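>>> Return a 3D structure for these sequence lines:
(chains A, B, C and D)
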Number of protein chains: 2
Amino acid sequence: MRKKEKISEKTITRFPLYLQILKDLQQKGTQTISSQLIAHQALVKASQFRKDLSYFGEFGKPGSGYSVEHLIERIVNILSLSCRHQAVLVGAGNLGMALYNFPGFKEWNFEITRIFDNAPAKIGKKTGKITIENIDKLPLDLKIPLGIIAVPALAAQTIADLLVQSKIKGILNFSGVKLSTPPAIMVRNVDLTYELAILNYYCCID
Amino acid sequence: MRKKEKISEKTITRFPLYLQILKDLQQKGTQTISSQLIAHQALVKASQFRKDLSYFGEFGKPGSGYSVEHLIERIVNILSLSCRHQAVLVGAGNLGMALYNFPGFKEWNFEITRIFDNAPAKIGKKTGKITIENIDKLPLDLKIPLGIIAVPALAAQTIADLLVQSKIKGILNFSGVKLSTPPAIMVRNVDLTYELAILNYYCCID
DNA sequence: TAGATTGTTAATCGATTAACAATC
DNA sequence: TAGATTGTTAATCGATTAACAATC
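Alright, predicted model coming up:
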């Protein structure tokens, strides 16, 4: 599907936004859209939108623009969102439960199918359809590609090591700690404290 | 404190990470550090670290490097983290409570001092030291600079409008919706779904 | 002093954007 | 066809990095 040319992370990062905008347009009954209009909504230039798409092929009709339905289908495919993706959640605290119940995940075809924790008080408890399991029993043949770490900073590296052992492919890390993992493992850090600090910086200057 | 030259957001975004690394070094008793070593930990080039600092003045001693203590102090000042910053939280669901209890905020001198929600079942409930208040009673003279939106997508824009009326300066937005706000208001979006989708992309290619 | 490391300049790299031929 | 809009190239812009004089 993809061309050989290297696709920057910045480009990839914009696709979920494009997809969201297109879904909203579809909701409103829009059938066709120009790069001009969608880029305006995404706060990027039209040429950037077209360039981003161009890494993955041709999507539109000169003169008329893009079919919303068709473009959604293509972007869903690029992001591999057409089939359901399972994720394992480690950490059943406030943050973990918030993520488990986060409606956006379901809408995008992600599902947290197993939850692990180390607190005896939590292990065995049912939440929604699934039961919180003992982290010590994390199986080696987990067969789930995505891991979400929502444990305190101190435990994060240990959990990451366990997930790597369980042959996870990617980790979404909320612990606020830089994880050390093999290069094949993709890690994305969401650092809530940093986000607030950056916001604060821009609020304090001026 | 700052020079006239425009400082890119990418530069600012790296400072919290530098600060965290320095704090960890201080914990371990390190007194002096070279750009070489700190950059290595931050996964950037030494020259990038030095350039980032250079926007804010001179911090080190040629030949010996940087005083960890002194550099922490300077970065804390750059990020305006020396005094306590209050934040108002809107949304007392799982995510809101997770943020309220997030230990990182306190460590960095942020404190959520008021929580608002619209659910009668939640209003009036005590959590920690504070009581969840009715969002309809959000005062116009709130006098809190930072707002955190942790409400469902549908409610987000309404809440943003209310916060703007209450003279908030910046918003950390977890709703997954692009907010429309006056240009003077700084908004940072943390979109959990996008993060998972981007992670998934990199897990699925290869 | 000699060695080390800074702060800053200039070169490089990569990402964004304008422009336009191709095409519906 | 004429008007509109694409996909892509080439120009521009901005961020990263290497290199080095200054300096501790």
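
>>> who touches residue A:31 in this structure?
Counting by C-beta atoms under 8 Å, 6 or more residues apart in numbering or on different chains, residue A:31 touches A:67-69. Any C-beta I mention is one placed from the backbone N, CA and C, and that applies to glycine too.

>>> how does it look with 6 Å?
residue A:68 (C-beta atoms under 6 Å, 6 or more residues apart in numbering or on different chains).

>>> Likewise for residue A:166?
A:138, A:140, A:142.

>>> Where does the second one fall, secondary structure wise?
Residue A:140 is located outside every helix and strand, with elements delineated by DSSP states H and E.

>>> What number of residues are in the vicinity of it?
Here the count is done by other C-beta atoms under 10 Å in any protein chain shown, and residue A:140 has 9 residues near it.

>>> And the next helix or strand past the longest helix seen in chain A?
As assigned by DSSP state H, the longest helix anywhere in chain A is helix A:9-27. For helix A:9-27, the succeeding helix or strand toward the C-terminus, using DSSP H and E, is strand A:32-33.

>>> Just give me how far that next one sits from the chain centre.
With C-alpha atoms, centre = their mean, to the nearest Å as the basis, strand A:32-33 stands 26 Å off its chain's centre.

>>> do stretch A:136-154 as well
16 Å.

>>> Return the residues of chain A in contact with DNA strand C.
Where chain A comes near DNA strand C, counting by C-beta under 7 Å from any atom of the strand, the residues are A:8, A:10-11, A:44-45, A:47-48, A:50-51, A:61-64.

>>> Between these, which sits nearest residue B:111?
Using C-beta to C-beta, residue A:10 is the member of those that lies nearest residue B:111, at 34.0 Å.

>>> With chain B as the reference, measure out to the closest one.
Distance, residue A:10 to chain B, using C-beta to the nearest C-beta, to the nearest Å: 11 Å.

>>> swap in residue A:132?
15 Å.

>>> show me the contacts for that residue.
A:92, A:115, A:117, A:122-123, A:125.

>>> tell me which element it falls in.
Using DSSP H and E, the element containing residue A:132 is strand A:130-134.

>>> Name the residues of that strand that are buried.
Neighbour-count burial for strand A:130-134, counted by 16 or more other C-beta atoms under 10 Å in any protein chain shown, picks out A:132-133.

>>> coming back round to it: also near DNA strand D: which of the residues of chain A next to DNA strand C, exactly?
Residues of these in contact with DNA strand D (C-beta under 7 Å from any atom of the strand): A:47, A:50-51, A:61-64.

>>> For ChimeraX, write a command that selects the buried ones of the residues you listed.
Buried members of those, identified by 16+ other C-beta under 10 Å, are gathered into one ChimeraX selection as follows:
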select /A:50
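
>>> Among the ones next to DNA strand D among the residues of chain A next to DNA strand C, which lie within strands?
Among those, no residue falls in strands (DSSP state E).

>>> got the ones next to DNA strand D among the residues of chain A next to DNA strand C as a markdown table, with pLDDT and distance to residue B:31 columns?
Below are those laid out as a markdown table (pLDDT from 0 to 100; distance: C-beta to C-beta, whole Å):
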| residue | pLDDT | distance to residue B:31 |
| --- | --- | --- |
| A:47 | 98 | 51 |
| A:50 | 98 | 53 |
| A:51 | 98 | 49 |
| A:61 | 96 | 65 |
| A:62 | 97 | 64 |
| A:63 | 95 | 67 |
| A:64 | 96 | 66 |
